[in-house]
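Participant: Build me a model:
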Amino acid sequence: RGLEDPRIKEPLFDSYQGRHFEAITRMQTEQKLRRTKSQQPLANLVMGNMYLSYGFHQEAANIFEAMLDNDQPVEVRDKAWFYLAKSQYHSGRTEQAVSTLSRIETELPYALQAERQVMEAIVHLKQERFEKAVDVLKDIDSKTRWWLYGRYNLAVAMYKSGQQAEALSILETLAEMRVDDDETRNLKDKANLVLAFDLLNNDKPVEAEAVFRRMRLQGPHSNA
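Facilitator: Model prediction:
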């Protein structure tokens, strides 16, 4: 949001199409020629994100760290803190990522705020801090694409913290939702998988079989 310069928007479009190398090369050229000077902070955020998408997490982190001086507006610094945490998270430095997220001073745009909540909750889940994960996710914004991921992870956190009835209710809603893309189908399969294993663990194999049949035989969770 807020991007006006076509010299930034064109590389970003390439990145969204999966052409990350071309996008980074084009953006580097525009920056070296100082053509993005009028929107340089946004250009840096975009460049860092393109490195993240391409899998170059340390290069992305270097860009975001360079943006954390006090000369930047607080909104820009907070976005840099967020994306730095994201690069740390994808590099496996989860505790460092949570510490970095705590440096954010203002409310992030709602889509980034929801992604922040999911990322922070997943770290808590990995470290078995289930009640903290519940607290982080209980008020996630339903208008963002992260809401479904938040609801799934909220259900897992509640299940692990002893709130099985509420967790299974959320998972059942996710398992029965109508889907139109692979990403959501994968999430639906995950919800069904948890429900089925819960039934197996409670000696209900017939009911579990019915739930397993709702899953795809081809997909990332078919082996399980």
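Participant: For residue 177, give me its contacts.
Facilitator: By Cβ atoms under 8 Å, 6 or more residues apart in numbering, the contact set of residue 177 is 184, 188. Just so you know, the C-beta spots here come from the backbone N, C-alpha and C atoms, and that holds for glycine as well.
Participant: For it, which three-state class applies?
Facilitator: Under DSSP: H, G, I helix; E, B strand; the rest coil, residue 177 falls in the coil class.
Participant: What separation do you get for it and residue 19?
Facilitator: Per Cβ to Cβ, to the nearest Å, residue 177 is found 32 Å from residue 19.
Participant: do residue 162 as well
Facilitator: Computed as Cβ to Cβ, the residue 162 to residue 19 distance reads 47 Å.
Participant: the more surrounded of the two?
Facilitator: With neighbours defined as other Cβ atoms under 10 Å, residue 162 and residue 19 compare such that residue 19 has more, 16 against 10.
Participant: Give me the helices and strands touching the longest helix along the chain, please.
Facilitator: Longest helix of the chain, by residue count under DSSP state H: helix 182-201. Applying 3 or more Cβ pairs under 8 Å, 6 or more residues apart in numbering; DSSP states H and E, one finds that helix 182-201 makes contact with helix 147-160, helix 164-175, helix 205-212.
Participant: Buried residues of it, list them for me.
Facilitator: 185, 187-196, 198-199 (16 or more other Cβ atoms under 10 Å).
Participant: What is the nearest of those residues to residue 59?
Facilitator: Of all those, residue 187 has the smallest distance to residue 59: 30.1 Å, by Cβ to Cβ.
Participant: so who does the closest one touch?
Facilitator: So, once contact is read as Cβ under 8 Å, 6+ apart, residue 187 ends up touching 148-149, 152, 174.
Participant: how about these in JSON lines, adding distance to residue 72, pLDDT and neighbour count?
Facilitator: Below are those laid out as JSON lines (distance: Cβ to Cβ, whole Å; pLDDT from 0 to 100; neighbours: other Cβ atoms under 10 Å):
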{"residue": "148", "distance to residue 72": "33", "pLDDT": "91", "neighbour count": "20"}
{"residue": "149", "distance to residue 72": "30", "pLDDT": "92", "neighbour count": "21"}
{"residue": "152", "distance to residue 72": "35", "pLDDT": "95", "neighbour count": "20"}
{"residue": "174", "distance to residue 72": "39", "pLDDT": "93", "neighbour count": "20"}
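Participant: Which one of those is nearest to residue 181?
Facilitator: Of those, the one sitting nearest to residue 181 (Cβ to Cβ) turns out to be residue 148, at 11.0 Å.
Participant: Helices along this structure, start to end?
Facilitator: Secondary structure of the chain (DSSP H): helices located at 6-16, 20-32, 40-54, 57-66, 74-90, 94-101, 110-126, 130-137, 147-160, 164-175, 182-201, 205-212.
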